[in-house]
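*Asks:* Please work out how this folds:
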Amino acid sequence: MAQTFKFELVSPEAKLISEDVAMVTVPGEEGVFGVLPGHSPLLSSLQMGVIEVRKTGINDNNPRRVFVAGGFADVGAEHCTVLAEEAVDLANLTVAGVDAEVGKLEAAFGLAEGHEKARLAARIEVAKAKRAALA
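*Replies:* A predicted model of the protein is given here:
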């Protein structure tokens, strides 16, 4: 059995990851699940959360962490493909930066009306989830 499988993470903006990995944990709608080589086929919607990518296996203590705001995961024995609604590598975020984003969104929310208010509420929820992922 192979020691790795192909993992791809794609967002509307770009393909963020396309590499061979040993393990991935994914925030599925029914709960977080791990993917290893030889995994049974699975299709899952995603909840907001963090994907952890381990290149060397379950004992890899320095996984790459990527926040996703929903999407889908397609898993097979030799692949895992995640199509994310939004994805950002947590290494590229800071607590101060996300806190500033939340502050700006909340200020705009206070002035918004109608559909714009609903759109901003959803963006605030995503920003707060990013902040929680950094903690």
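*Asks:* who touches the residue nearest to residue 17 when sequence neighbours are not counted in this structure?
*Replies:* For residue 17, ignoring the flanking residues on the chain, the nearest one in space by CB to CB, 6 or more residues apart in numbering is residue 9 at 4.2 Å. In this view, the C-beta of every residue, glycine as well, is placed from N, C-alpha and C. Going by CB atoms under 8 Å, 6 or more residues apart in numbering, residue 9 touches 15-18, 51, 66, 68, 82, 84, 87.
*Asks:* same thing but at 10 Å, please
*Replies:* Contacts for residue 9 (CB atoms under 10 Å, 6 or more residues apart in numbering) come out as 15-19, 24, 26, 51, 53, 64, 66, 68, 71, 73, 80-84, 87, 89.
*Asks:* what number of residues lie near residue 94?
*Replies:* Neighbour count for residue 94, taken as other CB atoms under 10 Å: 11.
*Asks:* unless I'm mixing things up, it is touching residue 100, no?
*Replies:* Yes. Counting by CB atoms under 10 Å, residue 94 touches residue 100, with 9.1 Å between them.
*Asks:* Name the helix or strand for the residue nearest to residue 17, please.
*Replies:* Element membership for residue 9 (DSSP states H and E) is strand 5-10.
*Asks:* partners of that strand in the sheet?
*Replies:* strand 15-21 (antiparallel), strand 79-84 (parallel) (DSSP bridges).
*Asks:* List the buried residues for it?
*Replies:* Neighbour counts over strand 5-10 (16 or more other CB atoms under 10 Å) mark 5, 7, 9-10 as buried.
*Asks:* would a markdown table of the strands paired with strand 5-10 with mean pLDDT, mean neighbour count and distance to residue 118 be doable?
*Replies:* Formatted as a markdown table, these follow (pLDDT from 0 to 100; neighbours: other CB atoms under 10 Å; distance: least, CB to CB, whole Å):
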| stretch | mean pLDDT | mean neighbour count | distance to residue 118 |
| --- | --- | --- | --- |
| strand 15-21 | 96 | 15 | 28 |
| strand 79-84 | 98 | 20 | 21 |
